[in-house]
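[1] Build me a model from this:
(one chain, ligands or ions: 1)
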Amino acid sequence: MNILDIIAKKRDGKELTKEEIKYFITKYTNNEITDYQASALVMAIYINGMNEREITDLTLEMAYSGDVLDLSSLGEVVDKHSTGGVGDKITIILMPIVASLGIPVAKMSGRGLGFTGGTVDKLESIPGYTTNVPVDKFIENVKRIGISLIGQTLNLAPADKKLYALRDTISCTDSIPLIASSIMSKKIASGANKIVIDVTCGSGAFMKNTYDAKELARVMTEIGRLAEKETVCIITDMNEPVGHAVGNTLEVIEAIDVLKGKEMPKDIKNIITELGANMLLLANKVKDIDEGKAKILENISNGKAYNKFLELVENQGGDITYIENTDKFEKAKYITPIIAKASGKVAKLDAYTIGKLSVYLGAGRMKKEDDIQKEVGFVFCKKVGDDVNEGDILGYIHSNDEEKTKEILKQEIFTIE
Ligand code: URA
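    Below is the predicted model of the structure:
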C-alpha cells in the first residue's frame, strides 16, 4: 500500500477501504506522509465525497490516532460542540451554566477555522487563561469544580488536529465527511457519554442550506449511534453573526455580560436555552425541554452560572479581575462607528462577509501559523429586523490598522431596506 495509490483512488472517485484509511491516518499522524500529499487526498475527499462506511472508518481512525479519555469516574458527561460560525461564543456562555446545574463539563475546543472563530482563541484572550492542561489535571479540575475548558493539547485525536489546521489553509473546510469525522473523532476521544451538536446553517456556517445541514446532522447522529454515544443535533441559523460582537476579546466580553445577567440578544437566548435544555434532558436532570429552558435562564439570573465561570477562569490561571471589570481588556487602536446612510429596516448583516472581514482585520488566520489579534473585530448595535434612521450608529469596527478600517467602511456591511 502507498499514499500515491490512495490519493489516485479517491481522485478517481473510488471508495477507500478501512485499511487504506487507517494507513493514511496513522502515517500522516506520525509525519510519514507530508502535508502536500495529505492536501491532495483531503481535496480529493472534498470533491468526490465519502460514503457512510468510509466516514465512520475515518472517524474511528482519527479518534484512536492518540489517547482516548476515560471519563467514567465523572459520571454522565454530556458534551457540546458547534460546527462553527461567526460570533459564536455559545460554549463560553453555556458550559458554565450547565456546570452550575450539575452536569460535569470536560470540554476540548478548537481554534478558528477559515472565516469562523474558535473557542480556544477566544478563551486565550483572557490574560493568564491556559488552554494547555495535562490530562490528569483536566480530570481533577472537573472533579473538583465541575468544569474545564481546554484546547486540543492533550494527545486526543492528533490526526484531527493536523487535518483541521491543514483544511483551513487549502479551502477544504465545508465538507460533510471532513466536518463529521473531525467533530465526532474529537467527541469520541474526549470521552463524553452523550453529545449535543449545534449544526449551524447559513452564510456564516460551513453548511449553507438546510438540506446540507440536515445531512450533516444525520451523518453525525449515525456515527454517534455506531459509537454508542447518544447524539442530538440541533440546527441553528447562521445567516447573521450570533449576538452583537465578533472577534476574540469582544466576544468574551459579550459572553461575560450575558453571564452577569445583562440583557442578551434574542438569538443567543434561543440557542443557549435550546442546546442547554437538550443537554439537561440527556443528563436526566429535567423531565422535558421547557423545564430545561427555565433552569438555564434561572442559573443566569441567580448568579450561579457567572460564579461558575469565575471559578473556571481562576482555576485555569486566568486573571478574574478582567472578568469582574471588562474595561480592563486591551482595546484595538481605532474604534470607528458605522453610520446608517438611509432609514428603514436592517434586511441583511451577512455573517460570511463579517467573518471574512474579521479575518482581514486580524481576528482569524489566513495560514495555520499566523498570529491573531485578540482585540480586533466588530460590535454591532443593530441586528436584522431592527429599525434604523439615517445617521444612526449601526455598529463599530475595532481595528489596529486605519487603512483596513477605511477599506471596510467602503463596503455595504448592512443592507437597509
Ligand atoms: N468544528 C470542528 O471541530 N471540525 C470541523 O471540521 C468544523 C467545525
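[2] ok, now which ones touch the residue of the stretch 1-150 of the chain at minimum distance from the ligand?
    Of all residues in the stretch 1-150 of the chain, the one sitting closest to the ligand is Gly84 (4.1 Å; C-beta to the nearest ligand atom). Placement of C-beta: from N, CA and C, glycine included. Neighbouring residues of Gly84 by C-beta atoms under 8 Å, 6 or more residues apart in numbering: 113-114, 116-118, 200, 205-206.
[3] Now do the SS call for the closest residue to the ligand within the chain.
    In the chain, no residue comes nearer to the ligand than Ser182, which is 3.5 Å away by C-beta to the nearest ligand atom. Secondary structure for Ser182, judged by DSSP: H, G, I helix; E, B strand; the rest coil, is helix.
[4] For burial, what's the neighbour tally of Tyr211?
    The number of residues packed near Tyr211 is 9, by other C-beta atoms under 10 Å.
[5] What distance do you get for it to Ala217?
    According to C-beta to C-beta, to the nearest Å, Tyr211 and Ala217 sit 11 Å apart.
[6] domains of this protein?
    Domain assignment for the chain by automatic domain parsing gives 3-63, 72-323, 330-416.
[7] could you dump those to CSV with mean pLDDT?
    Shown next, in CSV, are the domains of the chain (pLDDT from 0 to 100):
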stretch, mean pLDDT
domain 3-63, 97
domain 72-323, 94
domain 330-416, 95
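[8] Go through those domains and pick out the most buried.
    The highest mean neighbour count among the domains of the chain, using mean count of other C-beta atoms under 10 Å, belongs to domain 72-323: a mean of 21.
[9] end to end, how far does it reach?
    End-to-end distance for domain 72-323: 32 Å, by C-alpha to C-alpha, to the nearest Å.
[10] Mind giving me the packing neighbours of the helix or strand hosting Asn307?
    Using DSSP states H and E, the element containing Asn307 is helix 304-315. Here helix 304-315 touches helix 90-100, helix 135-145, strand 147-150, helix 248-259, helix 321-324, going by 3 or more C-beta pairs under 8 Å, 6 or more residues apart in numbering; DSSP states H and E.
[11] now for the second one, which elements pack on it?
    When you say that, I think you mean helix 135-145. strand 105-108, strand 147-150, helix 304-315.
[12] Let me have the ones you listed in CSV, adding distance to Ala8 as columns.
    Shown next, in CSV, are these (distance: least, C-beta to C-beta, whole Å):
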stretch, distance to Ala8
strand 105-108, 35
strand 147-150, 39
helix 304-315, 48
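[13] Make a markdown table from those and add distance to the ligand to it.
    Conversion of these to a markdown table gives the following (distance: least, C-beta to the nearest ligand atom, whole Å):
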| stretch | distance to the ligand |
| --- | --- |
| strand 105-108 | 10 |
| strand 147-150 | 14 |
| helix 304-315 | 21 |
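[14] Of all the ones you listed, which one is nearest Asp174?
    Asp174 sits nearest to strand 105-108 of all those, at 22.0 Å, using C-beta to C-beta.
[15] Show me the contact partners of the closest one.
    The contact list for strand 105-108, computed with C-beta under 8 Å, 6+ apart, reads 69, 71, 74, 77, 79-80, 91, 95-96, 98-99, 138-139, 142, 146-152, 154, 156, 186, 190-192.
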